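In: kindly return the folded structure for what I paste below:
(chains A and B)
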Amino acid sequence: MAKKPLDNLLVDGKEIKVIATHGSVIDEKYTAEARKIASFMIDKLGLSFGNVEFKILDNEEFAEKVALYGTPLPTWEAGQEKIIQENNMKYRQGVLYEMVGHKFYNPLEKEEYTSVYINQNDTYDEVLSVMAHVYGHLHIEYNNRLAKSIKSNSNKHAYYRDRYREIESRLDIKTVEKMYDYSQTLSGLIDMFPDFHTNKKNDYYSKDETYPEEDIYDVYKFTLENIRLNPWEKEVLEIVYDINQIMKGARIKILHEGFATFVEDKYVEEVAKYDMDTAFKMRKGVLQVADVLSPAQLPYYLGFRLFKDIEKRWDEGRHGTLYDLLSEEEKRNYMKKENRGLSEILEIAKSYTDWEFIFSYADLNFFKSLVQEIEEKTNTIIENLYGGKYPKDIIDMIKAANNSRLDPNILRFQLLLKTENYSPMVYVPKGSFNGDALILRQDLSFVKRYIGELSDTEKEGFEEYASQVFSLDNQYTEASLQRLSKMWKVPVELHTMDAAGNRLIIESDGSNIIKLNDGEGPKFDE
Amino acid sequence: MTSELGDAEDKYRRKIDEEDDLILTSTDIRDINDGQTVIKTIPVKINPMISYNGLGGNGEGDGEGDGDDNDGEGGNGKNSKVRVGVDQRRLKQMMENWGLSFSKPGKKDKKLYSLLTAENGVDENQEKTIEAMLDRQMATGYFEKNGFKVDVRDEDMRYNFIEEKMVPNLSATFIIMRDVSGSMDAYGEFSATIAGLIEFWLRQKYENTVKIRYLAHTTEAFEFDPRKKEDFYKLVANGGTSFEPAYKLVMDMMDGSLYNSMSPYKEKIEYESEDVFLLHITDGENSDDNRALYNTLKKLLPRLTKAFYLQVGSDSDGFYKMINSIEKGKVSEVKSGNNVSYGNVKKVLDALLN
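Out: Have a look, this model is predicted:
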């Protein structure tokens, strides 16, 4: 490898800055390492990202940053989150190694930076692998279509905090907190899948006096526009609406973590060429989250395994229609050096979301080879390392699905829901609102998008299954409906189904819950 | 350090106080009194969202977790817990939330005023006064015309704010009297906790200016060594109930005569020169002859500044009626349930304050 000066990191011809800071001081050692890793990522793997600032923080600072990421307003919820994070680190339960924060604008340099937080209790080798891991996240943040559409900025959040405090100082804390709590409940009804709905709008001059004029999926926004609010209430709702747009990021969780672990693994391979010892220590970090027997961290595990599989298949040319036509014998002996693995992966990182990713790449062969690998490993000495501590349920789920020849689509749904990759799709049906009651209906029509048209017999089987997987959580749903009804000051009805698959209406008038086995049930057809 | 989140943590703590999540036992109170931090576990509060069984809902998640143990990962699971530390500062804050002020001045406080003067050289105030004068001259254009000229007017004058210093009265005795008879078995924990909270409050508010005496009685009565107060809190309910010996014991302590004590110090209560308060925690079931008790109380009550009668468990009002008939307004009665909760504690503390 030709020795290159490290002071120029060029991404698409534009120079980027990478620094590591400890408090207000620049940490020379870590900065040099970070730049070295960045140059590997850019030159060898073809990643691209913007300016980065690595901030090395202690436990308390780190806990605060984590709390600020999800709940940037100074509310009780943020306080609770901070205490939880601090506890986790103090008692060594779920230690965080790194976190990619929001972008922020540096007015002195007139540049946008992404802040990355690193725990100062990490060992030196851990910091190296964490940095490599983070560049994977940054690539997704800067390139993925969905990630780019979520615009979160620290400066904006700081402004929101100021506004929130000002509102709080003029009213009393309890009143504002109550509004905040309600808006958090409402946040579950932000439309996470705007690209799913293919509604035709009514003609502009339509004489229909229906309201709403089309199916409304963003119930939060609908609420904001249709209920009577004080100006400050409206402002709080708008602030929370804007902040919680990051929830859409849940749709690329597997992609995010899988890709980051994948590039981390690539960097470990690079280090192994000249420093076996460090590489071995770094490798441990990858194995902890993505070894074949450690699916506790499902997004890491699934993403990493799948990317490895894709890399292999596209490197060896084992994909495409012609390959599928071959017999088993021919497939085994098939070899065509294409070396297109990396470019395929970068394409996926650019424009896919988890659902598309899993449904188009995790095929039967992938699950089969996963099961094979699991079985090989469980029979060897490696099992002793885990001492039976690995989460059996997920492994059993994959195994059972493979053995019983379950529809792979169902396994895919199960895996996706296990990664908390989905918030329920609920909408206000067209023409349903007349001021007496708010009607909400569950939408399961996305199922068809992913598994295609079903025959009648298949449909029956599927609905039975879907009722188990997609039925609503009673406790939280009821509490949410109560809050919604208090905000709207009219009864709120939710048309859904129970765990047995029967149609169900849950109605709340703000103080009582009524359940009826009636109504339209969830929507299955588009 | 927590500049960005501000007082979010305090807000959370206020919320758990209001919703009565934090339950302290008498052991906790004793440990906190001794200066330790007690860690309590409470369930995580979640803003409900419409969600699937155990899935959906919160859409955040960053960073690697520890591979071995994932119970606390992310902290957003339904069954996760929060550990909250309670130390003296925090308990003080809690009690303030419960309506008990620590900043109210004492009954016999003397006020001391001190006024700072600027006799020795230029002080802060004179500097500020001249600055204010210059500001005024600049703003009105006087400075441009005439240049610098000393011309101090009333509106320029800057003074020190007068600071009040409170010196509390250094003589008060508070007697905590616990009924530990067999019938108090069910309320032992509660009465010990209340006693602990009151002791904590007194120590925080009056620091070392109030002497606390610990008394317990069944059919007999004892004083406990204040240095070994854990013995007092650990007492196990046993035996019959009689109030007479207990009040007789207080009388004896005031008269300086011999009395039952676990303490090597038999200090006389100087009821003539100091305030004496008495708190009696009992279920009110006196099994003895009331006549002797009546006579004792008739002598004792005039010597007390105020007495508090905290009745737990039963509803029998007889005893309270009797002591109230001796001297009206001297005794406050508090009725409460038998568990340590916000409402019950607040009732007791309200009575103490008023």
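In: helices or strands up against the helix or strand hosting residue A:302?
Out: Using DSSP states H and E, residue A:302 sits within helix A:298-315. Applying 3 or more C-beta pairs under 8 Å, 6 or more residues apart in numbering or on different chains; DSSP states H and E, one finds that helix A:298-315 contacts helix A:253-272, helix A:276-290, helix A:341-351, helix A:354-361, helix A:364-378, helix A:408-418. Just so you know, the C-beta spots here come from the backbone N, C-alpha and C atoms, and that holds for glycine as well.
In: angle of that helix against helix A:341-351?
Out: 130 degrees (axes from the mean of the first three to the mean of the last three C-alpha atoms, to 10 degrees).
In: can you point out the buried residues in helix A:298-315?
Out: Buried residues in helix A:298-315, defined by neighbour count with 16 or more other C-beta atoms under 10 Å in any protein chain shown: A:298-311, A:313-315.
In: burial count for residue A:513?
Out: Burial measure for residue A:513: 15 neighbouring residues, criterion other C-beta atoms under 10 Å in any protein chain shown.
In: before we move on, what about the one 3 residues further on?
Out: Here the neighbour count serves as a burial measure; for residue A:516 (other C-beta under 10 Å) it reads 11.
In: what does residue A:78 give?
Out: By other C-beta under 10 Å, neighbour count at residue A:78 equals 25.
In: go on, residue B:50?
Out: 28.
In: which residues of the stretch 1-150 of chain B score low on pLDDT?
Out: Within the stretch 1-150 of chain B, the ranges that satisfy pLDDT under 70 run B:1-2, B:52-79, B:99-124.
In: which parts of it are helices?
Out: B:8-18, B:26-33, B:88-97, B:124-140, B:142-146 (DSSP state H, counting those that start in this stretch).
In: tabulate these (JSON lines), appending distance to residue B:247 and mean neighbour count.
Out: Written out in JSON lines, the entries for those read as follows (distance: least, C-beta to C-beta, whole Å; neighbours: other C-beta atoms under 10 Å in any protein chain shown):
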{"stretch": "helix B:8-18", "distance to residue B:247": "36", "mean neighbour count": "19"}
{"stretch": "helix B:26-33", "distance to residue B:247": "25", "mean neighbour count": "20"}
{"stretch": "helix B:88-97", "distance to residue B:247": "29", "mean neighbour count": "17"}
{"stretch": "helix B:124-140", "distance to residue B:247": "59", "mean neighbour count": "14"}
{"stretch": "helix B:142-146", "distance to residue B:247": "78", "mean neighbour count": "11"}
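In: which of the ones you listed sits closest to residue B:283?
Out: Ranking those by proximity to residue B:283 (C-beta to C-beta) places helix B:26-33 first, at 17.0 Å.
In: now do that closest one against helix B:88-97, angle only.
Out: Going by the same axes, to 10 degrees, helix B:26-33 makes 120 degrees with helix B:88-97.
In: and helix B:26-33, what does it pack against?
Out: Secondary elements touching helix B:26-33 (3+ C-beta pairs under 8 Å, 6+ apart): strand B:38-43, helix B:88-97, helix B:188-206, helix B:229-234.
In: so which of these is nearest residue A:225?
Out: Nearest to residue A:225, of these and by C-beta to C-beta, is strand B:38-43 at 35.7 Å.
In: which parts of that closest one are buried?
Out: B:38, B:40.
In: what is that strand packed up against?
Out: Secondary elements touching strand B:38-43 (3+ C-beta pairs under 8 Å, 6+ apart): helix B:26-33, strand B:81-86.
In: what residues does it touch?
Out: Outside strand B:38-43, the residues within contact range by C-beta atoms under 8 Å, 6 or more residues apart in numbering or on different chains are B:16, B:21-24, B:28, B:31-32, B:79-87.
In: buried ones only from those residues, please, as a PyMOL command.
Out: The PyMOL selection below is limited to those of the contacts of strand B:38-43 classed as buried (16+ other C-beta under 10 Å):
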select buried, chain B and resi 16+22+24+28+31+32+80+81+82+83+84+86
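In: doesn't residue B:347 belong to a strand?
Out: No. Going by DSSP: H, G, I helix; E, B strand; the rest coil, the assignment for residue B:347 is helix, not a strand.
In: next, count neighbours for it.
Out: Residues within reach of residue B:347, counting by other C-beta under 10 Å, total 17.
In: so how many other residues sit close to residue B:276?
Out: If we define neighbours as other C-beta under 10 Å, then residue B:276 has 24 of them.
In: right, and residue A:210 touches residue A:434 too?
Out: No. Under the criterion of C-beta atoms under 8 Å, residue A:210 is not in contact with residue A:434, lying 9.3 Å apart.
In: quick one, which of those two is more surrounded?
Out: Each of residue A:210 and residue A:434 has its neighbours counted (other C-beta under 10 Å); residue A:210 has more, 14 against 10.
In: secondary structure element holding that one?
Out: Using DSSP H and E, residue A:210 sits in no helix or strand.
In: excluding its backbone neighbours, what's nearest it?
Out: residue A:431 (3.3 Å; C-beta to C-beta, 6 or more residues apart in numbering or on different chains).
In: sticking with the one you found, tell me its helix or strand.
Out: Here residue A:431 is assigned to no helix or strand, by DSSP H and E.
In: can you report phi and psi for it?
Out: phi 70, psi 20 (degrees, to the nearest 10).
In: separation between it and chain B?
Out: 22 Å (C-beta to the nearest C-beta, to the nearest Å).
In: check which element follows the helix or strand of chain A with the lowest mean pLDDT along the chain.
Out: The weakest-scoring helix or strand in chain A, judged by mean pLDDT, DSSP states H and E, is helix A:382-386 (a mean of 58). Sequence-wise, the next helix or strand downstream of helix A:382-386 (DSSP H and E) is helix A:392-403.
In: quick check: mean pLDDT of that next one?
Out: For helix A:392-403, the mean pLDDT works out to 77.
In: tell me which element residue B:333 falls in.
Out: Residue B:333 belongs to strand B:331-335, assigned by DSSP H and E.
In: any idea how far that strand is from the chain center?
Out: Put simply, strand B:331-335 sits 18 Å off its chain's centre (C-alpha atoms, centre = their mean, to the nearest Å).
In: and it, what does it pack against?
Out: strand B:306-311, helix B:318-326, helix B:342-353.
In: among these, which is nearest chain A?
Out: Chain A lies closest to helix B:342-353 among those, at 15.6 Å (C-beta to the nearest C-beta).
In: what mean pLDDT does that closest one have?
Out: The predicted model gives helix B:342-353 an average pLDDT of 70.
In: as CSV, the helices and strands packed on helix A:298-315 with mean pLDDT, distance to residue A:441 and mean neighbour count would be great.
Out: Shown next, in CSV, are those (pLDDT from 0 to 100; distance: least, C-beta to C-beta, whole Å; neighbours: other C-beta atoms under 10 Å in any protein chain shown):
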stretch, mean pLDDT, distance to residue A:441, mean neighbour count
helix A:253-272, 93, 27, 24
helix A:276-290, 84, 39, 18
helix A:341-351, 94, 31, 17
helix A:354-361, 91, 21, 19
helix A:364-378, 83, 34, 15
helix A:408-418, 82, 20, 19
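In: for chain B, find the nearest of those helices.
Out: Of all those, helix A:276-290 comes closest under C-beta to the nearest C-beta, at 3.6 Å.
In: the closest one and chain B, any residue contact?
Out: Yes. Counting by C-beta under 8 Å from any C-beta of the partner chain, chain B is contacted by helix A:276-290 at A:285, A:288, A:289.
In: which elements pack onto that helix?
Out: Checking 3+ C-beta pairs under 8 Å, 6+ apart, helix A:276-290 ends up next to helix A:124-143, helix A:253-272, helix A:298-315.
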